[in-house]
Each structure stands twice: as structure tokens, then as C-alpha cells.
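1. Coordinates for the following, if possible.
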Amino acid sequence: MKTIAQTTRCALCATLLMLCAEVAFAGDAKTYQVTGPVIAVTPTTITVQKGQDKWEINRDANTKTPADIKVGSKVTVYYTMTATDIEVKSAKGSSK
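-> The predicted structure is shown next:
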């Protein structure tokens, strides 16, 4: 009887740990990347050429940047998308 109770408790604990791990990872924002030559660098942005497109990505004091980055360097920039403002629009044809 002790073995069945211990096995049940172990299975329950394992299940709870797996559920907690799923919840912890669910909140992470998706990470994206862009690779190409640097065409501009400022203290607050980096611009990378990808094909015909120019990707201007904001950066701040928390951005890990090598000291020797300069125009012409080939880089891979990893970034996430973060909302800065959310505005609610009313549906068309709704009456007040």
C-alpha cells in the first residue's frame, strides 16, 4: 500500500512540475532575427540591409552590442516585438 501511495504522489508531483514549466514558458515573447550588413549605427538604432529592405531596429543601454560594430559589418540582430501603445477603436455602425 505504501508503494502505491508513493508512486501516486510522485506522479502527481511530476505532473505539477510539468504544468508549472509550461506556464513559465508561455509568457515569453517570440524572438526574431535579421542578418545582413550594417548600413547605419546610432546610439539608439542599428540599420541592417536585408535584400532590398532596410531594417531599422531600436536599441538601448540594455542591448548587448560589441564595441567594434561599424557600417559594413555583417551582423545578426535578435529582437522581440513589444507593444508601445494600444488603442481601442469602436466597431463601424455601432450606435451610442
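2. going forward, measure contacts and count neighbours with C-alpha atoms only.
-> Noted.
3. what about the strands in this protein?
-> Residue ranges of the strands in the chain, as given by DSSP state E, are 31-41, 45-50, 53-58, 74-80.
4. Quick check: buried residues in the longest one?
-> Read that as strand 31-41. Using 16 or more other CA atoms under 10 Å as the test for burial, strand 31-41 gives G36, P37, V38, I39.
5. looking just at contacts, which helices and strands does it meet?
-> Where contact means 3 or more CA pairs under 8 Å, 6 or more residues apart in numbering; DSSP states H and E, strand 31-41 is packed against strand 45-50, strand 74-80.
6. elements contacting the shortest one?
-> So that's strand 45-50. By 3+ CA pairs under 8 Å, 6+ apart, strand 45-50 packs against strand 31-41, strand 53-58.
7. what about Y79, neighbour count?
-> As a burial measure, Y79 scores 16 neighbours (other CA atoms under 10 Å).
8. Same question for G51.
-> The burial count for G51: 9, using other CA under 10 Å.
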